[in-house]
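Chemist: sequence first, predicted model second:
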Amino acid sequence: MNGNAGNNTLDGKAGADTLAGHAGNDTYYVDNAGDNVVEANGEGTDKVISTVSYTLAGRYVETLDLVGTDNTNATGNKTANLLDGNNGNNVLNGMLGNDTLAGKGGADTFVFDQLLGASNVDHISDFSAVDDTIRLENAVFIGLSTGGLSSAAFRSNTTGLAGDASDRIIYETDTGELYFDRDGSGSTYAPVLFAVLDNKAAVTYQDFIVV
């Protein structure tokens, strides 16, 4: 299914469809994980609205909204994405880029499994310390043991700096910024910003899991 140079809405309905909006700010309705959304550089700002778990291909679709109440997942691409969950229990992974993640309702999981750096800092707009979880990949967060984050590895303060050699995840409460420090208060590694909790939620070590 092909669009034109305008702002198109494309819905392939049942089956695994290929949808290409071309130029313009296009909206795609997806109901099959095999649906293929095709965009190229310079072809507008585009959105996928999905009732199923979906991964944005390439780098030229910016927004993915999950709708409905099923426990579906959203995975971004190489650009700065906006990923919106639904009222189910969602897993949101922005992948590369400075993404904005919103779990909405449900007990949601926010995944961090890509190389850390200034070009890959995600904002979580509505983190719930009661229901939600931050999942850390131990191949990226080097030195963390798998399972629940230990209390000794977590530091909460207003400086964003480790307090002792055991600290690894540091939460700056006045800014909502989350840092990883590979050697805590050691001098070999500096803390690296990897996420910002926009609502400055009162997180503890119990809100993290390492895989």
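Modeler: Sure, I can see it. Numbers count the residues shown, from 1 in each chain.

Chemist: and the worst-scoring helix or strand of the chain on mean pLDDT, what's buried?
Modeler: Lowest mean confidence among the helices and strands of the chain (mean pLDDT, DSSP states H and E): strand 18-20, at a mean of 79. Neighbour-count burial for strand 18-20, counted by 16 or more other C-beta atoms under 10 Å, picks out Leu19, Ala20. (Each C-beta comes from the backbone N, C-alpha and C, glycine too.)

Chemist: what's the answer for stretch 149-166, then?
Modeler: Using 16+ other C-beta under 10 Å as the test for burial, stretch 149-166 gives Leu149, Ala153, Phe154, Arg155, Gly160, Leu161, Ala162.

Chemist: just the residues contacting that stretch, thanks.
Modeler: For stretch 149-166, contacts defined as C-beta atoms under 8 Å, 6 or more residues apart in numbering pick out 136, 144, 167-175, 177, 179, 181, 183-186, 191, 203-206, 208-210.

Chemist: end to end, how far does it reach?
Modeler: Stretch 149-166 has an end-to-end distance of 12 Å (criterion: C-alpha to C-alpha, to the nearest Å).

Chemist: need the mean per-residue confidence for that stretch.
Modeler: Averaging pLDDT along stretch 149-166 yields 97.

Chemist: ok, stretch 53-61 next?
Modeler: The pLDDT scores in stretch 53-61 average 91.

Chemist: got a list of contacts for that stretch?
Modeler: With C-beta under 8 Å, 6+ apart, stretch 53-61 has contacts from 28, 30, 33, 35-41, 43, 46-48, 64, 66, 72-79, 81.

Chemist: swap the cut-off to 6 Å and go again
Modeler: 30, 37, 39-41, 46, 64, 72-73, 75-79 (C-beta atoms under 6 Å, 6 or more residues apart in numbering).

Chemist: dump those residues to JSON lines, plus neighbour count and pLDDT.
Modeler: Output for those, formatted as JSON lines (neighbours: other C-beta atoms under 10 Å; pLDDT from 0 to 100):
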{"residue": "Val30", "neighbour count": "25", "pLDDT": "93"}
{"residue": "Val37", "neighbour count": "25", "pLDDT": "88"}
{"residue": "Glu39", "neighbour count": "24", "pLDDT": "81"}
{"residue": "Ala40", "neighbour count": "13", "pLDDT": "80"}
{"residue": "Asn41", "neighbour count": "7", "pLDDT": "82"}
{"residue": "Asp46", "neighbour count": "21", "pLDDT": "89"}
{"residue": "Leu64", "neighbour count": "27", "pLDDT": "98"}
{"residue": "Thr72", "neighbour count": "20", "pLDDT": "98"}
{"residue": "Asn73", "neighbour count": "21", "pLDDT": "98"}
{"residue": "Thr75", "neighbour count": "18", "pLDDT": "98"}
{"residue": "Gly76", "neighbour count": "27", "pLDDT": "97"}
{"residue": "Asn77", "neighbour count": "20", "pLDDT": "96"}
{"residue": "Lys78", "neighbour count": "14", "pLDDT": "94"}
{"residue": "Thr79", "neighbour count": "17", "pLDDT": "94"}
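
Chemist: which strands and helices lie in contact with the longest strand along the chain?
Modeler: Longest strand in the chain, counting residues (DSSP state E): strand 192-197. Strand 192-197 sits against strand 122-124, strand 177-180, with contacts defined as 3 or more C-beta pairs under 6 Å, 6 or more residues apart in numbering; DSSP states H and E.
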